[in-house]
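*Asks:* Task: produce atomic coordinates for the following.
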Amino acid sequence: MKTRSTENPPRDATHEEKIRGRLLLAAAAITSGAAGVLISRNFFETDKKIQHKIHTSYAVGDPPFCRTMSHLLGPPLLDGNTVETLENGRRIFPAMLAAISSAQRSITFENFVLSDGSVWRRFAHALAERARAGVKVHFLQDAMGCNCLHGEELAMLQRAGAEVEIYRYMKLTRFNQRTHRKILVIDGRVGFTGGVGISDDWDGDADLPMRWRDTHYRLEGPTVAQLQQAFMDNWMETRAVVLHGDDYFPPLHPVGDTTCQVFKSSASEGGENARLMVLLSIAAARKSVRIGNAYFIPDNLTIQTLVAACQRGVEVEIIVPGPLIDEKLARLVGQSRWGPLLEAGVRIYEYRPALYHCKYMVVDGCWASVGSANLDNRSLRLNAEANINVHDANFGMEHEAIFEKDRSASKEITLRSWRNRPLREKALGMLGSLLRTQM
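*Replies:* Numbering: from 1, shown residues only. Take a look at the predicted model:
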């Protein structure tokens, strides 16, 4: 008589296929769910956005404006500073390298564009030399802005004793949020910020078509501590280490007559600070608004605020890049937004001799915001940015002269020429506008 086997009989093939199918469906659901989270976290705005028009009963030169900027939007405006404007790599890089070479206690450096080449090698060797000399060197580089993350220079810096961190490297849920800040602080006493990238593309004097025309700023005085704090903001987020004490925050005494603040913004801080600063500044304009900006893609409320300024008699002029630009689609999308501005009397100019990367705004000749922020959604809502806001008539006059020099090298775009631009450019600009929140 046959005995029944104690082993489990083989499962029915159809049953196994059902189980396999269910597992595949579950995996697909998990994968699609994760993909949905990544997409929503990175590409869709969830925070509320200010949509109402802003009206002010005060001008940028009045005390209520200064109090508003000091208390509503950021650290206070402080007296006793000097702000030196540096134009183009020929002046910017030597000033930064000289400051690095002078460091005795600490160097904190946060950067966006970093490209392999002679400029980066000069900076890397200067930083490494100071690290070997015992200076505390901390370098924070954005992952998206660098083409040499695994290059010899970063490895050399680490061997020399510098601390190197890559911002948002492999952070899938937040990779769309970058640090666009350009911050260099020496011994907690001298600071630099602005638009320059550490790249051969910025070298020289913007005297070649494919070199960048740019502005950067050297800061001394009590406000340097605010710039240092902006660096610490992202350093603690990335490395989770607090840098403190006199090496980073020494006593700072008045060194000049300029009143200013370092204004910072990021998506993690709510994403509205930079945008609100721009809107309030334009709303408080009574005479003039002059803007030089590399990626000018205004949202609807910014357009309405600029139009309202024109309607109350404010002269509004804007310089943007011309055909020489690294982001062709961004230029076309920006152009597609100009209609209401030109109709209201805003004068728009395209810079012609070189790539244009300046980021400055001067209001009524006495209030200026200069630094890393573009007037697009990426800078005003997504990126970590840092600007110096300056309340000083002498600085304002100096920057109006810089604006006039840039304007003299630009071509004005009239309403007629804007309407007559090629149909292909109009179509691409309208289609690209669907991606405007990412520009």
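*Asks:* For the stretch 151-300 of the chain, just list every one of the strands.
*Replies:* 163-167, 183-186, 190-194, 212-213, 215-220, 258-265, 288-293 (DSSP state E, counting those that start in this stretch).
*Asks:* now the angle from the longest one to strand 215-220?
*Replies:* Think strand 258-265. Counting by axes from the mean of the first three to the mean of the last three Cα atoms, to 10 degrees, strand 258-265 lies at 120 degrees to strand 215-220.
*Asks:* Strand 258-265 pairs with which strands?
*Replies:* Here strand 258-265 is paired, per DSSP bridges, with strand 78-87 (antiparallel), strand 385-391 (antiparallel).
*Asks:* Among those strands, which comes closest to residue 146?
*Replies:* strand 385-391 (17.9 Å; Cβ to Cβ). For every residue, glycine as well, the C-beta is placed using N, CA and C.
*Asks:* which of the strands paired with strand 258-265 is buried the deepest?
*Replies:* strand 385-391 (a mean of 27; mean count of other Cβ atoms under 10 Å).
*Asks:* contact partners of that one?
*Replies:* 60, 66, 69, 77, 83, 180-183, 193, 217, 219, 223, 227, 230, 258-266, 274, 277, 359, 366-373, 379, 396 (Cβ atoms under 8 Å, 6 or more residues apart in numbering).
*Asks:* try 7 Å this time
*Replies:* 66, 69, 77, 83, 180-181, 183, 193, 217, 219, 227, 230, 258-265, 274, 366-373, 379 (Cβ atoms under 7 Å, 6 or more residues apart in numbering).
*Asks:* Same question for stretch 394-406.
*Replies:* 83, 85, 258, 290, 292, 319, 351, 358, 360, 362, 365-368.
*Asks:* is it possible to export those to JSON lines including distance to residue 56 and pLDDT?
*Replies:* Converted to JSON lines, the contacts of stretch 394-406 look like this (distance: Cβ to Cβ, whole Å; pLDDT from 0 to 100):
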{"residue": "83", "distance to residue 56": "25", "pLDDT": "98"}
{"residue": "85", "distance to residue 56": "27", "pLDDT": "98"}
{"residue": "258", "distance to residue 56": "23", "pLDDT": "98"}
{"residue": "290", "distance to residue 56": "19", "pLDDT": "98"}
{"residue": "292", "distance to residue 56": "23", "pLDDT": "98"}
{"residue": "319", "distance to residue 56": "25", "pLDDT": "98"}
{"residue": "351", "distance to residue 56": "31", "pLDDT": "98"}
{"residue": "358", "distance to residue 56": "26", "pLDDT": "97"}
{"residue": "360", "distance to residue 56": "21", "pLDDT": "97"}
{"residue": "362", "distance to residue 56": "17", "pLDDT": "98"}
{"residue": "365", "distance to residue 56": "17", "pLDDT": "97"}
{"residue": "366", "distance to residue 56": "15", "pLDDT": "98"}
{"residue": "367", "distance to residue 56": "12", "pLDDT": "98"}
{"residue": "368", "distance to residue 56": "18", "pLDDT": "98"}
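*Asks:* nearest to residue 139, of those residues?
*Replies:* Residue 139 lies nearest to residue 83 out of these, by Cβ to Cβ, at 24.2 Å.
*Asks:* Identify the residues contacting that closest one.
*Replies:* The contact partners of residue 83, by Cβ under 7 Å, 6+ apart, come to 217, 219, 258, 260, 388, 390, 395.
*Asks:* if we go to 10 Å?
*Replies:* Residues near residue 83 by Cβ atoms under 10 Å, 6 or more residues apart in numbering: 191, 217-221, 223, 256, 258-260, 368, 370, 388, 390, 392, 394-395, 398.
*Asks:* Tabulate the strands of the stretch 151-300 of the chain in TSV, adding columns for distance to residue 241 and mean neighbour count.
*Replies:* Output for the strands of the stretch 151-300 of the chain, formatted as TSV (distance: least, Cβ to Cβ, whole Å; neighbours: other Cβ atoms under 10 Å):
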stretch	distance to residue 241	mean neighbour count
strand 163-167	8	18
strand 183-186	16	26
strand 190-194	21	25
strand 212-213	33	26
strand 215-220	25	23
strand 258-265	19	25
strand 288-293	35	24
